[in-house]
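[1] Sequence first, predicted model second:
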Amino acid sequence: MKVFKQIFATFYRIWVYLIIAFFTILLFPFLLISILKHSWYPFFFKVARTWSILVIYGIGCYPVIKRDVKYEKGKSYMFVANHTSMTDIMLMFHSTKNPFVFVGKKELVKIPLFGYIYKRTCILVDRGNTKSRVEAFRRAEIRLNEGLSVCIFPEGGVPDDLSLLLDEFKDGAFRLSIEHQIPIAPMTFHDNKNRFPYSFFIGGPGKMRVRVHKLIPTEKLTLDNRKELKKETRDVILNELLNPTV
């Protein structure tokens, strides 16, 4: 039985990569046009969101989203969520229509086609390089000043220990949200680790549950409050992982 599951997971993983490649190639002309000008980012976001929805359903998954809040059009947020899978990117695009910019690890630029678009549209950071982290922080501030939102997976990457439910959070997202006085918009992704984890012999189609939590305001907070804000946000996501409500 275990061998059968591993064989199925292997073929499923190949199928996922083929689906990602197919829709990336299909939409590549539109993606390419949308990144020609800096000011066209909202158009890129719509194309990327379409790409994400096509990929999610193409790999046999279907999102189930429970919302505690409706995001306001034209307002900036700091989107944060737990991080366990490449599909977190697609699911985040699917979960909100408010244009945001990802802050993500630079290693993904190595992926053909996807990596080129990723490099041109995301804020890349080498988490082991202090200068890179400072530059990423500066670029995120520029995007926020342009009226966009920012998305950061505050664990700083996928935990090396795949059995770990939720890693500790980094400060970056909370420092930015306080400095720009924008609310934290937490989400919990329940099933992505089971759908398409970084472990090779696990995975399969099915539902992707998302809990869109209430906003956590940052008005009147100072940088001295960032640890409390970070803990509050992590507790919200961890409690949902431990006691699912969707």
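    That came through fine.

[2] Show me the residue at the heart of this structure, geometrically.
    I89 (4.1 Å; CA atoms, centre = their mean).

[3] That one and K105 touch, don't they?
    No - with contacts counted by CB atoms under 8 Å, I89 stays clear of K105, the gap being 11.4 Å. For every residue, glycine as well, the C-beta is placed using N, CA and C.

[4] What are the contacting residues of the helix or strand that contains F43?
    Assigning secondary structure by DSSP states H and E places F43 in helix 41-58. For helix 41-58, contacts defined as CB atoms under 8 Å, 6 or more residues apart in numbering pick out 19-20, 22-24, 27, 30-31, 34-35, 62-63, 87, 89-91, 93-94, 97, 99-101, 117, 121, 148, 208.

[5] could you pull out the helices for the chain?
    Ranges of helices in the chain, per DSSP state H, are 2-34, 41-58, 87-95, 114-121, 130-145, 172-179, 192-195, 226-242.

[6] need these in a markdown table with mean pLDDT, can you?
    Below are the helices of the chain laid out as a markdown table (pLDDT from 0 to 100):
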| stretch | mean pLDDT |
| --- | --- |
| helix 2-34 | 90 |
| helix 41-58 | 95 |
| helix 87-95 | 95 |
| helix 114-121 | 77 |
| helix 130-145 | 80 |
| helix 172-179 | 91 |
| helix 192-195 | 91 |
| helix 226-242 | 97 |
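
[7] Now render those as a markdown table, adding distance to G74.
    Below are the helices of the chain laid out as a markdown table (distance: least, CB to CB, whole Å):
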| stretch | distance to G74 |
| --- | --- |
| helix 2-34 | 19 |
| helix 41-58 | 10 |
| helix 87-95 | 18 |
| helix 114-121 | 20 |
| helix 130-145 | 13 |
| helix 172-179 | 18 |
| helix 192-195 | 29 |
| helix 226-242 | 23 |
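
[8] Nearest to F201, out of the ones you listed?
    For these, the distance to F201 is smallest for helix 2-34, at 4.2 Å, taking CB to CB.
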